[in-house]
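[1] Task: produce atomic coordinates for the following.
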Amino acid sequence: MFKKKEIVLKNGETLVVEIPNIEDSSALANYLNEVTKETKFISRSEKDEKATKESQEKYLSSISKNENNIFIVGKINNKIVADGVITNRSLKSKMLHRCVLGIAVLKEHWGKGIAGKIMLELIDFAKSSGFEQIELEVVNKNKSARKLYSSFGFKEYGRIKHSMKLDDGKYYDNVIMIKFLN
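    Residues are numbered from 1 along each chain as shown. I've put the predicted structure just below:
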């Protein structure tokens, strides 16, 4: 079971890492809409349906139904500044050893070590849940994220060509990275 943690960052700020509850749904929707505007490296786009209190309530309810899934947020001064998720790759019996990881951080908080703190929590959760490998996809141009994942032992295993198409017609490839836990 995940327990709420307070972590002092290298700049002295306190990051509270916790599982959000239904009361966080509005703040979570605001956070997701903000992070979507800030980077082209996530799959969500401003053209997509905006996150709402209701959509986040539904998401929080659905993710909590599987004990092998976790969705956590990082808060500074009670404001959501980051999120991280581990979910089963598939519920098919032959794939239950695999999980997928995702992390995002608001731009104003980049460089503070928040993604690394969230990553540690997610890796610990994946190990304690019995997963044998963590998989992720990262945009090839997102050098800082790729560096972070590599520092945690993720290795590149392939690419999905033209995985994302931006509004300006440019394509990005996604790099498939895996960390084996055993």
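
[2] neighbours around the nearest residue to residue 79 once chain neighbours are set aside, how many?
    Closest residue to residue 79 apart from its sequence neighbours, by Cβ to Cβ, 6 or more residues apart in numbering: residue 27 at 7.4 Å. Just so you know, the C-beta spots here come from the backbone N, C-alpha and C atoms, and that holds for glycine as well. Around residue 27 there are 17 other residues, counting by other Cβ atoms under 10 Å.

[3] Tell me the secondary structure at residue 27.
    Secondary structure state of residue 27, per DSSP: H, G, I helix; E, B strand; the rest coil, is helix.

[4] Same check on residue 161?
    strand.

[5] and it, what is it in contact with?
    By Cβ atoms under 8 Å, 6 or more residues apart in numbering, the contact set of residue 161 is 171, 173.

[6] And the pLDDT at it?
    You'll see residue 161 listed with a pLDDT of 97.

[7] Check the gap between it and residue 153 for me.
    25 Å (Cβ to Cβ, to the nearest Å).

[8] Next up, identify which helix or strand the residue positioned nearest the centre of the chain is on.
    Residue closest to the average C-alpha location in the chain (Cα atoms, centre = their mean): residue 103, at 2.2 Å. Using DSSP states H and E, residue 103 sits within strand 98-105.

[9] so what secondary structure elements neighbour the helix or strand just after that strand?
    Where DSSP H and E defines the elements, the next helix or strand beyond strand 98-105 is helix 114-128. Judged by 3 or more Cβ pairs under 8 Å, 6 or more residues apart in numbering; DSSP states H and E, helix 114-128 is in contact with strand 14-18, strand 70-76, strand 79-88, strand 98-105, strand 133-139, helix 143-151.

[10] List the buried residues of the first one.
    Meaning strand 14-18. 15, 16, 17, 18 (16 or more other Cβ atoms under 10 Å).

[11] and what of stretch 112-123?
    112, 113, 114, 115, 117, 118, 119, 121, 122, 123.

[12] Could you do stretch 147-159 as well?
    For stretch 147-159, using 16+ other Cβ under 10 Å, the buried residues are 148, 149, 152, 154.

[13] Looking at the residues you listed, which is nearest residue 138?
    Comparing the buried residues of stretch 147-159 against residue 138 with Cβ to Cβ places residue 149 closest, at 6.4 Å.

[14] Let me know whether the closest one touches residue 137 as I believe.
    No - Residue 149 is not in contact with residue 137 according to Cβ atoms under 8 Å; the separation is 10.4 Å.

[15] Rounded mean pLDDT for stretch 70-84, please.
    On average, stretch 70-84 scores 97.

[16] One more: stretch 102-119?
    Averaging pLDDT along stretch 102-119 yields 96.

[17] Would you work out how far apart the start and end of it are?
    Its start and end residues considered, stretch 102-119 measures 9 Å (Cα to Cα, to the nearest Å).
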